[in-house]
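Asker: Generate coordinates for the sequence data below:
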Amino acid sequence: MLSLLYQEGPSTEGIFRRSGSAKTCKELKEKLDSGAEVDLACESIFVTASLFKDFLRNIPGSILSSQLCDKWVSVMDQGNNEEKIKSIQRLIEQLPRANVVLLRYIFGVLHGIEMRSEENQMNAFNLAICIAPSLLWPPVSSTPDIESEFAKKISSLVQFLTENCCRIFGEEITSLFGEILMTCKRENSSVLVIITDSTYDKPGPYHKMLSQRIPCSCSHNL
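Answerer: As a prediction, this is how the structure comes out:
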């Protein structure tokens, strides 16, 4: 999903704002949950974006961790940008490693979209409004007024994260998707997508290659 969003998102007007077909999303989600192969490469990119946001909303406790909710909310009350960045980096260090790796890819995608915002009409502010509710939510429900104020603060946080992602996560964030190989194999009508995480290119537990095989019945060149 992320590789498709990275490739098509920057050139798609309203990406993450426009929703995919609810019926298609429901059907594909059921297939994904059952472990069946899903043809995402030939679906609307808005469907992929909707599915990915749904995936994020179903991470227990949220990817930014609801247990750290109060600390995340207070970040934007820090003094200058440098203090905000240091506070964010300290909070990121408290997250599970898997969450951090996924966050780097997410903001790598958002950065690529923001860089072409004149084309896709999705600057950091617009992206934050659309995706922030999927990244963090409070551990307990509250009144509508409090939830509305919380939503504004988290959107402001995600906007800041997007605008400063290279300083927060490192310049490598711009090249996380730098080695994407897509090969259409006619014999089994599939697309092989390989993403090499160049951030962890040193030997160790985090050195990895992420691969996903996606069936493809479309006739256009990939």
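Asker: alpha carbons only for contacts and neighbour counts from here, please
Answerer: Will do.
Asker: What's the separation between residue 133 and residue 118?
Answerer: To residue 118, residue 133 is 24 Å away according to CA to CA, to the nearest Å.
Asker: Looking at the two, which one has more neighbours?
Answerer: Between residue 133 and residue 118, counted using other CA atoms under 10 Å, the more crowded position is residue 133 (19 against 13).
Asker: so which strand or helix has that one?
Answerer: Residue 133 belongs to helix 124-135 when assigned by DSSP states H and E.
Asker: can you list the residues that contact that helix?
Answerer: 16-17, 53-54, 56-57, 62-64, 110, 114, 151, 154-156, 158-160, 162-163 (CA atoms under 8 Å, 6 or more residues apart in numbering).
Asker: Also compute the angle for the following helix or strand past it relative to helix 124-135, please.
Answerer: The first helix or strand that comes after helix 124-135 along the chain, using DSSP H and E, is helix 144-163. If you take axes from the mean of the first three to the mean of the last three CA atoms, to 10 degrees, helix 144-163 sits at 120 degrees to helix 124-135.
Asker: Packing partners of helix 144-163?
Answerer: For helix 144-163, the packing partners by 3 or more CA pairs under 8 Å, 6 or more residues apart in numbering; DSSP states H and E come out as helix 69-75, helix 97-114, helix 124-135.
Asker: Tell me the gap between the last one and the middle of its chain.
Answerer: When you say that, I think you mean helix 124-135. 10 Å (CA atoms, centre = their mean, to the nearest Å).
Asker: Do me a favour and average the pLDDT over that helix.
Answerer: For helix 124-135, mean pLDDT is 97.
Asker: Kindly export that helix (C-alpha atoms) in CSV.
Answerer: As requested, the backbone C-alpha atoms of helix 124-135 are provided in CSV (Å, rounded to 0.1, in the frame of the first residue of the first chain):
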residue,chain,number,x,y,z
ALA,A,124,1.1,19.5,5.0
PHE,A,125,-2.0,21.2,6.6
ASN,A,126,-4.4,19.4,4.4
LEU,A,127,-2.7,16.0,4.8
ALA,A,128,-2.6,16.5,8.6
ILE,A,129,-6.4,17.1,8.7
CYS,A,130,-7.0,13.9,6.8
ILE,A,131,-4.6,11.5,8.4
ALA,A,132,-4.0,12.8,11.9
PRO,A,133,-7.1,11.1,13.4
SER,A,134,-5.7,7.7,12.2
LEU,A,135,-2.3,8.3,13.9
